[in-house]
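Sequence and predicted model, in that order:
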Amino acid sequence: MILLGIIAICWYIGGGKQAWARDLLVPILMGLSVGFLIDAPLHLKLLTGFMTCGGFQMIRMGYGNYSPHDDPTPSFLASITHDKGGWWIRAIYGVLVAVMGSIWLKIGGYIPLPLFLIYVGYSAIIGFLVSRLRLPRLLADFAVGAGFGSLIFLIGG
């Protein structure tokens, strides 16, 4: 629970002017956690932790709303979806980050398919809801960060 709180705090801090906390610390913490928690030989722990860390680099993609009047350079997802509300952008972002961050756990057999799909699904739902419900940044960032971080509880099924 402490580690989950640290991940959520880093997600929140990284949403402000300290982007490094989200961009660097969250993937590193996720990779270290996975490497430590999976039941595997050392070389597979290292490989899976490293690949998980790399997969969570997807968080850098961005998920800003489409607003060409306010932002002439929209996020990648905004430029594709033209979603002015940001709800679908956040849901797609949740799917992409969850899949890329956890795919090596699925490939390695450390997380069963149903839990993998549940993780991806609730990551999308959290992203959609925090935007749709217009939650304050503190609550939204803690929810999203904790949602992604909850992967550590699913390891081993």
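Everything's here; your move. Here the structure is a predicted model, which is why all the values come from computation and not from measurement.

Would you list the phi and psi of the residue located most distally from the centre of the chain?
Each residue of the chain has a distance to the centre, and by C-alpha atoms, centre = their mean the biggest one is for H69: 28.3 Å. Dihedral angles of H69 (phi, psi; degrees, to the nearest 10) stand at phi -70, psi -30.

Now do it against K84, distance only.
Counting by C-beta to C-beta, to the nearest Å, the gap from H69 to K84 is 10 Å. Using the backbone N, CA and C atoms, a C-beta is placed for each residue, glycine as well.

So, low pLDDT: which residues of this structure?
By pLDDT under 70, the weakly predicted segments of the chain are 156-157.

what are the phi and psi values for the closest residue to R137 other than its chain neighbours?
Distances taken as C-beta to C-beta, 6 or more residues apart in numbering place G15 nearest to R137, at 6.4 Å, with adjacent residues excluded. Note on G15: backbone dihedrals following degrees, to the nearest 10 are phi -80, psi -10.

Next one: G15 from I155, what distance?
Separation of G15 from I155 (C-beta to C-beta) stands at 26 Å.

How about the contacts made by the residue farthest from the centre of the chain?
For H69, no residue meets the contact criterion (C-beta atoms under 8 Å, 6 or more residues apart in numbering).

Kindly report the same for F36.
With C-beta under 8 Å, 6+ apart, F36 has these contacts: K45, G49.

And it, its phi and psi?
phi -80, psi -40.

so how far is G149 from it?
14 Å.

ditto for P41
Taking C-beta to C-beta, one finds P41 at 25 Å from G149.

more crowded one of these two?
G149 (22 against 8; other C-beta atoms under 10 Å).

Quick check: that one vs D141, distance?
For G149 relative to D141 (C-beta to C-beta), the value is 12 Å.

before we move on, what about H82?
Taken as C-beta to C-beta, the span from H82 to D141 is 25 Å.

Please apply the same query to S131.
For S131, the distance to D141 - C-beta to C-beta - is 12 Å.

Same question for K84.
21 Å.

Over to F153?
In terms of C-beta to C-beta, F153 sits 19 Å off from D141.

Helices of the protein, residue ranges please.
With helices called from DSSP state H, the chain shows them at 2-14, 19-20, 26-37, 42-55, 76-81, 87-107, 113-132, 137-149, 151-154.

and M61, which of those is closest to it?
helix 76-81 (5.6 Å; C-beta to C-beta).
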